[in-house]
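Colleague: A predicted structure for the sequence below; I have some questions about it.
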Amino acid sequence: MKLKFLFVLLVCVISSVSWGQSVGIDTIQISSVDILAPRLQHFSTTEKTVKIDSILIQRYGGSDLSNMLQKTALVNVSSNGSLGALSTVGLRGASATHTSVNWNGIPVNSLTTGSADLSLINAGSFDNVQVVYGATGTLYGSGTLGGAIELSNTPDWKNKSSVGLMSEIGSFSNYKTKLHGKYSNKWFSYSGQAFFQYGKNNFSYTDKYDFGSPTERLNHNQNRAVGTIQDLHLNIKENYIDLGVWYQVKEKNIGGLMGIGKPVSFQKQRDSSFKAFVGWKRLIGKFRLEAKSAYLSDYLKYTDRGSANNIGYKIYSEIESKRWLNDMNLRWYLSDQWSVDVNGRYNWLKGITNNYKSNIHENESRVTLAAKYTPQIGIFIFTYGKEWNSEVNPPEMYSFSSLVHLIPYIIDFRGKASTHYRRPTFNERYWIDSGNLDLKSEKGWNYELGMVMLAQKALYGSLTVDLNLYRAQNDNLIVWKPSSGTFWSPENIGESVIQGVDIEATHLLDDMNYSIRTSLKYAYNDSYNDDKESEKYKETLAYRPHHLIKFSSDYFRDNWDVGILSTFRSKTNTWEGQKVDGDVLVDINAGYRFNTKFAKIKLTGRVENLFDKSYELVRFYPMPGRAFHFGVNVIF
């Protein structure tokens, strides 16, 4: 209640001041960038946001998004094996259900599980990949305690056209081919791609859970994916229209687990998804109007024959979801320093599966109010959000964040206090014999303090440092835990605390003939059960490593680039009370680009897991050893 009162008081003060400042203003200077900027971007300028470098996107363009983020960002990846296996990501000690993955501002997390399978997303399919740490729940909605990942392709309003072919071949019979093209002028911008991917993923590993730790080879682990992404942007008499389509299908044989005996499995999974949206935005005087509508359809079929002699199925499961998402937004620029935003959403949700007692249909809506103040000393943002759902009752949410230029051009200070929540997913509520209709929504508060040293001369180059402290109190945390044998069920485990620190330092040595970019990232996290009545009180939550370290150094000279990348993850607990060892991995890479009369050509090569370490991210699921990848990208 104190936070609510403070928020209302601040908004009242802001309103009175802004009205006083707006009297007599006829012209407000609004940049075209701000007009085109999505609402989430406009009101996330005070958050810690890391944009993945385009060179890294190209380097790992043949991988899925989880593999690229595991190596380049302070995120915790959970993966059930090699390329194509289920992979999710958590930020700042939160789970995958606390991370919102968005395509052009549209949440693509599974309606049924609440998380996003990043093995379904190709790292090289997007121009922009951004990680927003601790994303504000009032803006994003349910499930953003950890943060958000933003994916998009940027329109280009210059007279340009290109057609390209990218192909990569890798160890364990992995192949990927992508045909891509772009065309743009001052009113039309198009980019499109179609891709195909296949891999046997038949790698060897050391099975430490078997007697004598024998070397095994993983079979029945093939992966095949095909898809297309199309983006179209129009600028017609200052009306900006965006259209996008994303369709893909993935078929995956699921390999056997580590343990006594040979890895044996007869499981298969088929995922298909179709996503489409249309959006419009325009500036009319002091008002920016925007509307967007999206349709998402996801299908998953999982089968298990149980044995080689079984002509039928031990398990046959189909899950389908359909979503119609609608968003309307009005932004009012009261002055050069003030903007006020009103956003309304309505979503229609449907889950179709024989794993529920019946098909599930829900409606939800949300209203968000936001104000942004940008004086010379920094940026201040206030937000308020309220959701309604036909089945659950989400709480009101509030947020205040700021970015202050403590020492102009040298030190910026960042601060935030906000509330958050996550409603139970369809599977958590409705799954037969496992779901729990009595589950409570997660809710709580969080705060963050950060300091950024902007690029300063140091060590014969420039040095940038970003330091952050954060803490979150979360009530009614929902987790899936084993209840008996292989049977898992969701439950509220009471209060939990997530706290930690992350620091990123980047040094750039830029000589006339060459440049060296070195980056060191470290995160410490302590996520634990804080329910005093629980037998697990103060125990670290499962699959939350205390330490993450990412190091990279790249050398650029003329048309060449070479680099080394290393990652460290400390050991983690499992929900069964076991341990997963930590790991240290090293990659090396190189690239060469040149131009011919007809095309621009980029050659790439990298070695992942250089020292051929056997490791696992999820207990009993082996990860690949040393792998070689060679690629070529030809642009005409």
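Modeller: Structure received.

Colleague: any stretches of this structure with poor pLDDT?
Modeller: For the chain, residues meeting the criterion pLDDT under 70 lie at 1-36, 484-486.

Colleague: any idea which residue sits dead centre in it?
Modeller: Centrality entry for the chain: nearest residue to the mean C-alpha point is residue 149, 3.0 Å, by C-alpha atoms, centre = their mean.

Colleague: which residues does it contact?
Modeller: For residue 149, the contacting residues are 65, 69, 89, 99, 100, 101, 102, 116, 129, 130, 131, 132, by C-beta atoms under 8 Å, 6 or more residues apart in numbering. In this view, the C-beta of every residue, glycine as well, is placed from N, C-alpha and C.

Colleague: rerun at 10 Å
Modeller: 52, 65, 69, 73, 75, 89, 91, 99-103, 108, 116, 118, 121, 129-132, 135 (C-beta atoms under 10 Å, 6 or more residues apart in numbering).

Colleague: now, which of those residues lie within helices?
Modeller: In this view, the contacts of residue 149 that belong to helices under DSSP state H are 65, 69.

Colleague: in the sheet, who's paired with residue 449?
Modeller: Residue 449 has these beta-bridge partners by DSSP bridges: residue 415, residue 469.

Colleague: go ahead and confirm it touches residue 502.
Modeller: No: Residue 449 sits out of contact with residue 502 when judged by C-beta atoms under 10 Å, with a separation of 11.8 Å.

Colleague: more neighbours, the two?
Modeller: The residue with more neighbours, out of residue 449 and residue 502 and counting by other C-beta atoms under 10 Å, is residue 502; that gives 21 against 15.

Colleague: near the nearest residue to residue 612 once chain neighbours are set aside, how many other residues are there?
Modeller: By the measure of C-beta to C-beta, 6 or more residues apart in numbering, the closest residue to residue 612 outside its immediate chain neighbours is residue 626, 4.0 Å from it. Residue 626 has 13 neighbours, counted by other C-beta under 10 Å.

Colleague: list phi and psi for residue 532.
Modeller: Taking degrees, to the nearest 10, you get phi -60, psi -20 for the backbone angles of residue 532.

Colleague: check contacts around it.
Modeller: Counting by C-beta under 10 Å, 6+ apart, residue 532 makes contact with 494, 495, 538.

Colleague: what's the separation between the second one and residue 439?
Modeller: Relative to residue 439, residue 495 is positioned 15 Å away (criterion: C-beta to C-beta, to the nearest Å).

Colleague: one more: residue 186?
Modeller: Per C-beta to C-beta, residue 186 is found 52 Å from residue 439.

Colleague: the two: which is more packed in?
Modeller: Under the neighbour definition other C-beta under 10 Å, residue 186 and residue 439 were set side by side, and residue 439 has more, 18 against 9.

Colleague: surely residue 135 meets residue 46?
Modeller: No: counting by C-beta under 10 Å, residue 135 does not reach residue 46; the two are 11.4 Å apart.

Colleague: neighbour count for the two, which is higher?
Modeller: Here residue 135 and residue 46 are set side by side on neighbour count (other C-beta under 10 Å), and the busier one is residue 135, at 30 against 24.

Colleague: which residue sits closest to the more buried one, ignoring its sequence neighbours?
Modeller: residue 148 (3.8 Å).

Colleague: what do residue 449 and residue 502 both touch?
Modeller: When contacts are counted by C-beta under 10 Å, 6+ apart, the set common to residue 449 and residue 502 consists of 467, 468, 469, 470.

Colleague: if we can go back for a sec, for the residue nearest to residue 612, give its distance to residue 161.
Modeller: Computed as C-beta to C-beta, the residue 626 to residue 161 distance reads 40 Å.
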